Every structure is written in C-alpha cells, then in structure tokens.
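[1] coords please:
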Amino acid sequence: MKVSLTGIAGSSRLGDYVTLAAQVGVVGHVTIGDKAILGARAGASTNLEGGITYLGAPALPIAQEQKLRALVRRLPKLVEDVRALKKARG
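    Residues are numbered from 1 along each chain as shown. Purely as a prediction, here's the structure:
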C-alpha cells in the first residue's frame, strides 16, 4: 500500500503487504521485507527487515526512533547545563 507523495526508486524491491505512508522515500537497490510499515516521512536507505514499523530518516525501528527524538528534545537543556557547569568551574 502506498500513500500520496511516496517515492520508490526503480531498482528497489518491496515485499508483500508493505505499507509506505505519506512522503516516504526509498532509495535504489534496497529490499524491504514483507509486512514492513514505513511511517510518514521515513527514508529507507538500507535493507529493512519485514514485520517491523519504521520511522525517521534513515528509517529505524519505531521504538529506537522515538528514543532518539526524545533525546533530541532534551538537547537544549543539556547544552544549558553543560555551559553552566563550565562557567561554575571558571
């Protein structure tokens, strides 16, 4: 199943029942396994195992991508804390 604005390179191979959500991109020479799901704006740049839901660019299993997104949201506070520590050290 494909949703609008999905780009698939001609040399890629998609298994049975693969779902590609909106704005997903698949590069050439990539194989996506049966029943894999790529969430919106995912980018498949390497072979992806079937039966897993992926997010992000590059596409990662959803749990891993969610952890990374949570860490990225914390970065401004972490940078602020490091600067404060450096300033306190003199």
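[2] tell me the phi and psi of P76?
    Note on P76: its backbone torsions stand at phi -60, psi -40 [degrees, to the nearest 10].
[3] what do you get for K2?
    When quoted as degrees, to the nearest 10, the phi and psi of K2 stand at phi -120, psi 150.
[4] For it, which residues are in contact?
    Taking CB atoms under 8 Å, 6 or more residues apart in numbering, we find K2 in contact with I8, L20. Heads up, the C-betas are built off the backbone N, CA and C, glycines and all.
[5] so A84, which of the three states?
    Secondary structure assignment for A84 (DSSP: H, G, I helix; E, B strand; the rest coil): helix.
[6] Against V26, how distant is it?
    As for A84, its distance to V26 is 44 Å (criterion: CB to CB, to the nearest Å).
[7] Between the two, which has more neighbouring residues?
    V26 (24 against 10; other CB atoms under 10 Å).
[8] Going by residue numbers, what spans are strands in this protein?
    7-8, 13-14, 19-20, 25-26, 31-32, 37-38, 43-44, 53-55, 60-61 (DSSP state E).
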